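Colleague: next input, structure requested:
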Amino acid sequence: MAVRLSESPAEPEPDARSLRAAPPHRLMGSICSDGGQRVQVEFYVNENTFKERLKLFFIKNQRSSLRIRLFNLSLKLLTCLLYIIRVSLDDPTTQVTCARKHCSNVTDVLCSKICANQTADPSQINWELIFWVNRKVPVWAIQVIVALISFLEAMLLTYLSYKGNIWEQIFQISFILEMINTVPFIITIFWPPWRNIFVPVFLNCWLAKSALENMINDLHRAIQRTHSAMFNQVLILICTLLCLVFTGACGIQHLERAGKNLSLFDSLYFCIVTFSTVGYGDVTPRIWPSQLLVVIMICVALVVLPLQFEELAYLWMERQKSGGNYSRHRAQTEKHVVLCVSSLKIDLLMDFLNEFYAHPRLQDYYVVILCPTEMDIQVRRVLQIPLWSQRVIYLQGSALKDQDLMRAKMDDAEACFILSSRNEVDRTAADHQTILRAWAVKDFAPNCPLYVQILKPENKFHVKFADHVVCEEEFKYAMLALNCVCPATSTLVTLLVHTSRGQEGQTSPEQWQRTYGRCSGNEVYHIRLADSKFFGEYDGKSFTYASFHAHKKYGVCLIGVKREENKSILLNPGPRHIMAATDTCYYINITKEENSAFIFKQEEKHSKGLPVTGLYDAPSRLPVQSIIASMGTVAIDLQNPDPPADNSKLALPTENGAGSRRPSIAPVLELADSSAILPCDLLSDPSEDETNQSDEEGVPAPEYVKGYPPNSPYIGSSPTLCHLLQEKAPFCCLRLDKGCRHNSFEDAKAYGFKNKLIIVSAETAGNGLYNFIVPLRAYYRPRKELNPIVLLLDNPPDNHFLEAICCFPMVYFMAGTIDNLDNLLQCGIIYADNLVVVDKESTMSAEEDYMADAKTIVNVQTMFRLFPSLSIITELTHPSNMRFMQFRAKDCYSLALSKLEKIERDKGSNLAFMFRLPFAAGRVFSISMLDTLLYQSFVKDYMIPIARLLLGLDTTPGSGYLCVMKVTEEDLWIRTYGRLFQKLCSSSAEIPIGLYRTESHMFSSSEFKEVCKQSQVSVNVEECEEARDRRESWKEKTAHRNSTGSDQSEHPLLRKKSMQWARRLSRKNTKPPSRAERINQQRLNLYRRSERQELSELVKNRMKHLGLPTIGYDEMNDHQNTLSYVLINPPPDTILELNDIVYIIRSDPLAHVPEDLPGGQAGARLRQDYGAETRGETHL
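Modeller: Numbers count the residues shown, from 1 in each chain. Have a look, this model is predicted:
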């Protein structure tokens, strides 16, 4: 490179040296400096010699080289064509029997020799026919011209590619073939007698093959496009086969001129039959030279073709592993989504496919999986099933490579799902990989919607640009927290976000399984108010009024609404929200409204003079919700779709003329009356709480304020109004098991907590634990109901985490593990209602994936035996391991549920695990079950915001929150769930969404009865059974009297039959127990009490050793003989039972509170305490 500096203004005349001819490919540029001087830079490449210019044109330049190779290929193909023409015009018989006049093109001597050989022995080889041919003059002229051009081109290329070793150039096969096919023709120009000499021009096919390969490479380089190695290898194989067949056919045809005189077609036929190993034998070479050529060709084929096929097979296998490409034509004509994962497991794949294709609108979509690892054997087997093989395409590649994104046609995809690898030991590293994938996809396809799953909340803001983001730890800890105050919230949310038809368990004789399975089909749907039959008539009415009457008429549960001009979804905005035609309504139902047909018969009844009755006035007609629950698309008969104005108030029911019972259901006003809405007492109860505590204890109670937490542990946390301490607690006071200068308490008993504890066992104090504390300290939780929180951590927390939690009341931590009984006793497990066990990250490195939960399961089983009344909420990695929670090896009921799960899985259910007792009761869940939340967002983009509002992760002004109420004996007068819904709407504007029901464990008691009979233990189980039957019979009569729609399967006789179902199912095809087995069973039951006493003594001894009182442990009872389950939006005729827990969405208390209430003063006082910048920090 040469650089020349010149000042443009100072040189009016160019230098004489600058007028010389510029070398080719000179690049010129100018740079303007600060001083005004223009510097001209000329770049020279050392290509100014004649050889370099020729090399640039013939070899280096891609486009000109491509033209040269295309011309060379045409020349070689032309020579092969001329050879075929020459063979077709040649007749060896006329050449042998020719006279001198026919041999004018050869010398007289050669002609006389040929004529003399006519009388020779025909078995002898006529070599003259092999060395000499009859070549027409036009054909010879064209061949000579082509030979001259080819010779010159070969010599020029040899000269240009010369690198110092002349012999290396000469002994190249291509150069030797060029010389053989060109030099003889050039010699015939100067020596005419050689014009009919044989030249093996057909060997030029191999040169044409080489030229074609080089041309394809230059073509791909010229158009700047990557080519497939598979395509090149197939092309090479085809060309090799054609060259072998063409060479063999031409060679045998020529040699057989002196023998059988085969035609070119016969020779071609012989080669095809021979190379295909068929060998008919009807055409064979006669003379030994042609036979020798056949042997040589077969040997060459046996060497060359297997190598080519091996290379092709290897490339084919590699292509099968990598998955090939998703064609551009398919991407433009068909819809597809891309799934990007680090490693694809069979459970993850099936969850995604089942949930994605559960929606009818997505049946024609294709799923392209982009994964950097090789396809797993199990995944390969699944993708070979015809159901998935036609719709799922696996591509091995990285989302960080544009080539692989181009193979997946990411720019044409309808959506891209990026999932994190939760099985990684380092979850932060897994998040970093997810972030890079999201950035790469956004850079390559900016318009492609992104659905991202992130593990840790502190990494969420890196993918804030994605359309939908699900943070695993946020949802996990929020669900674990709500499980402590709202039982089985994890089961409720899991059933809501799974797609189900509500057909699970319908063949079971157990009534609770049929009801539970049918209600699991309820999902969240949306519809525009103006387009809805359910809610269209409530335009201009209050939200509570619309929810009240929609549930009364149709059995649908209206839970939320969204304004057209506002992007925020509001759950139960309360009676002050007036419905508009443009509002989007969100409701829970067994099916969406679009799948229902409505038949109105009010006009028919008016025309016939029949009285118009309401939906619930006819005792023989089933409620609409029950009809929808039993059918997918239904025709609903509505007698009274538009109630008159005087019917808006419900008449107070009377029973047997008794007017002394309290009123049933108050009317719901169409428009909210400000005087009728009582101000919320949640913000005015602090003073009452303080007064009560001061009166009872005689000591000043700590004052709490409501405000926003001043320190968020990570960026992106949603600000939530919480109960806070007026002053931050010192870090030393947060340690539960060690005293400090502020207090001397060293165990949970010394603190004297009034409410039961919530203990959380985790490995480290991650930022996700912050989302466990916030929902339990939210402003809408009454202060007197706040439970102390104890964090039992394997590793002590850092100061950053302590800074975030020190402002919350009654939050403590302690270093310890759940497999240490002393640690459990010190942290107050005797005084706890809930123990939350979080899955540990360190167990993710198990050699067998499903063994990652082994330690957690065994530890929980130990605590289950030691503390039977403790509610243990466990998080597992794999949902399939839920069957080991609270495991009982000889429980026939658990075995029956196991078989039921297998039956439901064989039917294709996505919720086969739902009948496991720990899951149904909300005692266990796996965060992987919430993956469907991200998948459903592709069709229901509102599911993530609704789930966050339900779990308390987001608090939108005006939106309600999830809480529960317990049905007591005083509430049983309401009788049915439908009347309860109306009562709550009318009295407190609360929206029920489901029930949590606990029943006695029937099978365990019956099994215990049988065992007791066998062992002749003097326990009067028969009397207990009779008493229970009498109670059930009385309950059935009461239920039948109070509700006409109750199921007949509640009859005691049917219940007794269903109690035997598990035993028959689990003992099918088994032999009756032997005498020894019965004796062992008797001993087991006799010593069961002593085993329980032994465990009790163990715990008491450890408590005495630690100096703890044992009074609390003596009061713990065994409640293992119960089963609990969740009913989402049950039918309105469902009979309420004692101790039912009702899930309700309560409206936002702050939405109806004036600014001059004490709550506003508390908030103002909080802002004064924490400074003006606190609110700005929380908005980060």
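Colleague: can you give me the buried ones in stretch 513-530?
Modeller: Applying a neighbour-count criterion of 16 or more other C-beta atoms under 10 Å, the buried positions in stretch 513-530 are 513-527, 529. (C-beta placed from N, C-alpha, C; glycine too.)
Colleague: the lengthiest strand in the chain pairs with which strands?
Modeller: In terms of residue count, the longest strand belonging to the chain (DSSP state E) is strand 991-1000. Taking DSSP bridges as the criterion, strand 991-1000 sits next to strand 1122-1128 (antiparallel), strand 1141-1146 (antiparallel) in its sheet.
Colleague: show me the buried residues of stretch 513-530 that map onto helices.
Modeller: Using DSSP state H to define helices, the subset of those located there is 513-519.
Colleague: list the contacts of Leu81.
Modeller: In this structure, Leu81 makes contact with no residue, judged by C-beta atoms under 8 Å, 6 or more residues apart in numbering.
Colleague: next, it: secondary structure please.
Modeller: Look at Leu81: counting by DSSP: H, G, I helix; E, B strand; the rest coil, its state is helix.
Colleague: re the thing from before, can you redo the ones in helices among the buried residues of stretch 513-530 as JSON lines with distance to Asn61 and pLDDT?
Modeller: As requested, these are exported to JSON lines (distance: C-beta to C-beta, whole Å; pLDDT from 0 to 100):
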{"residue": "Gln513", "distance to Asn61": "77", "pLDDT": "86"}
{"residue": "Arg514", "distance to Asn61": "78", "pLDDT": "88"}
{"residue": "Thr515", "distance to Asn61": "79", "pLDDT": "91"}
{"residue": "Tyr516", "distance to Asn61": "75", "pLDDT": "91"}
{"residue": "Gly517", "distance to Asn61": "73", "pLDDT": "89"}
{"residue": "Arg518", "distance to Asn61": "75", "pLDDT": "90"}
{"residue": "Cys519", "distance to Asn61": "74", "pLDDT": "91"}
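Colleague: sort out which one of these lies nearest Pro184 for me.
Modeller: Here the nearest of these to Pro184, counting by C-beta to C-beta, is Gly517; it sits at 89.4 Å.
Colleague: wait, that closest one touches Thr507, no?
Modeller: No: shown here, Gly517 and Thr507 do not form a contact pair, counting by C-beta atoms under 8 Å, at 9.5 Å.
Colleague: report the separation between the nearest residue to Leu244 once chain neighbours are set aside and Lys756.
Modeller: For Leu244, ignoring the flanking residues on the chain, the nearest one in space by C-beta to C-beta, 6 or more residues apart in numbering is Ala301 at 5.7 Å. Ala301 sits 85 Å away from Lys756, going by C-beta to C-beta, to the nearest Å.
Colleague: these two: who's more crowded?
Modeller: With other C-beta atoms under 10 Å as the criterion, Ala301 and Lys756 differ in neighbour count, and Ala301 comes out ahead with 18 against 14.
Colleague: verify the contact between the more buried one and Val245 for me.
Modeller: No: here Ala301 does not reach Val245: they are 9.4 Å apart, not a contact under C-beta under 8 Å.
Colleague: which residues do the two both contact?
Modeller: Overlap between the contact sets of Ala301 and Val245, as judged by C-beta under 8 Å, 6+ apart, is given by Phe275.
Colleague: report the helix or strand with the lowest average pLDDT across this protein.
Modeller: The helix or strand of the chain with the lowest confidence, counting by mean pLDDT, DSSP states H and E, is helix 1174-1178 at a mean of 31.
Colleague: thinking again about what came up before, give the buried residues for the longest strand of the chain.
Modeller: Using 16+ other C-beta under 10 Å as the test for burial, strand 991-1000 gives 991-998.
Colleague: can you show me the CA trace of it as CSV?
Modeller: Extracted in CSV, the C-alpha atoms of strand 991-1000 (Å, rounded to 0.1, in the frame of the first residue of the first chain):
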residue,chain,number,x,y,z
ILE,A,991,-67.2,-11.7,43.6
PRO,A,992,-66.8,-15.4,44.5
ILE,A,993,-64.8,-17.5,42.0
GLY,A,994,-64.7,-20.9,43.7
LEU,A,995,-64.8,-23.1,46.7
TYR,A,996,-62.1,-25.0,48.7
ARG,A,997,-63.8,-28.0,50.2
THR,A,998,-62.5,-30.5,52.8
GLU,A,999,-64.2,-33.9,53.3
SER,A,1000,-63.4,-36.9,55.5
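Colleague: gap between it and the chain center?
Modeller: Centroid separation for strand 991-1000 versus its chain: 31 Å, with C-alpha atoms, centre = their mean, to the nearest Å.
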